[in-house]
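# 3D, please:
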Amino acid sequence: MSSRFTQAGQQIPVTFIAADSNVVVGILQDKVILGYGQKKKAKKTENAYLKAVGFAPRFIKEIKLKTPKDQTLQDPTLQTPTPQDTTPQINVGDKITVSIFAPGDEIKVTGVTKGRGFAGVVKRWGFAGGPKTHGQSDRHRAPGSIGAGTTPGRVFKGKKMAGHMGAQQLTIRGLEVIEVDTAKNLLVVKGSVPGTQNGLLIIEKTGKVKGYTPPPPPKEKAAEGEPRQEGREQEEEKEETKEPKESESVEKKEEK
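Model prediction:
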């Protein structure tokens, strides 16, 4: 992670995401198959991708397209789209870059969290543990009671206990795109994302951030050898203020 400064001078944490070599390797009726990375050796089942794109992708993900058909399900007043309207304008071999995003977009990022191994209830769930005094010797990080007596006579499902922590799929919503670098295919996102460095992420655009105002355009720099306009005005004001002082000094000398 790193940080960026806003126009108001506020420092915000950001994460750099490299989104390169995303290629459309297949198209279904309402889905697109994206491939990321390359394999040295392709399996027989991946020969179809090898013929279509020219390489065997290392990771494959099916992404559902938002077609006009989905809009009619949300709003029944809309007319039913024709089959021509529902066909996506995407072809096999097209590259998906970060140019589809813009500063101010709201996105959700899905990834696999860091694996923590077998963890106790204090680390995994934030339990307080048992008392530290009054003769307690081995109850400092214990979970305590996990159920009742004869009734119900069992431990309820979903009880928070010790176990494997992390290495689970997690989606973070409401993240903001701060900057888009199309030359390097970098996406600068405000905040943190799940997973480790060099981990695989799925980024989806959900809308625009509320109250977002684009930054003002950068000021034009003056050419080399030409003074700035502000500097010229200041020099003219200085010359005007100097002239009356010189005339006053001359009049005083003549009087003497």
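
# ok now the host helix or strand of V23, how far from the chain's centre?
Assigned by DSSP states H and E, V23 belongs to strand 22-27. The chain centroid and the centroid of strand 22-27 are separated by 22 Å under Cα atoms, centre = their mean, to the nearest Å.

# now swap in stretch 137-154 and tell me
42 Å.

# can you pull the buried residues of that stretch?
P143 (16 or more other Cβ atoms under 10 Å). To be clear about C-beta, it is placed using only N, CA and C from the backbone, and glycine gets the same treatment.

# what is the end-to-end distance of it?
Start-to-end span of stretch 137-154 (Cα to Cα, to the nearest Å) is 27 Å.

# list the contacts of that stretch.
120-122, 127, 129-132, 155-156, 159-162 (Cβ atoms under 8 Å, 6 or more residues apart in numbering).

# so which of those residues wins on neighbours?
V121 (19 neighbours; other Cβ atoms under 10 Å).

# list the contacts for that residue?
So V121 contacts 127, 141, 143, 160-162 (Cβ under 8 Å, 6+ apart).

# sketch out the low-pLDDT regions of the chain for me.
67-88, 217-256 (pLDDT under 70).

# of all residues in it, which one is nearest the centre?
V189 (3.4 Å; Cα atoms, centre = their mean).

# so which helix or strand takes in that one?
Using DSSP H and E, V189 falls in strand 186-190.

# packing partners for that strand?
strand 11-18, strand 169-181 (3 or more Cβ pairs under 8 Å, 6 or more residues apart in numbering; DSSP states H and E).

# ok, and what's touching the last one?
Spelled out, it's strand 169-181. With Cβ under 8 Å, 6+ apart as the criterion, strand 169-181 contacts 4, 12, 14, 98-99, 101-113, 186-194, 206, 209, 212.

# which residues in the protein form strands?
2-5, 11-18, 22-27, 31-36, 59-64, 95-96, 105-112, 117-119, 163-165, 169-181, 186-190, 202-208 (DSSP state E).

# what's the second one packed up against?
Same thing as strand 11-18. strand 2-5, strand 169-181, strand 186-190.

# let's see 6 Å
For strand 11-18, the packing partners by 3 or more Cβ pairs under 6 Å, 6 or more residues apart in numbering; DSSP states H and E come out as strand 2-5, strand 186-190.
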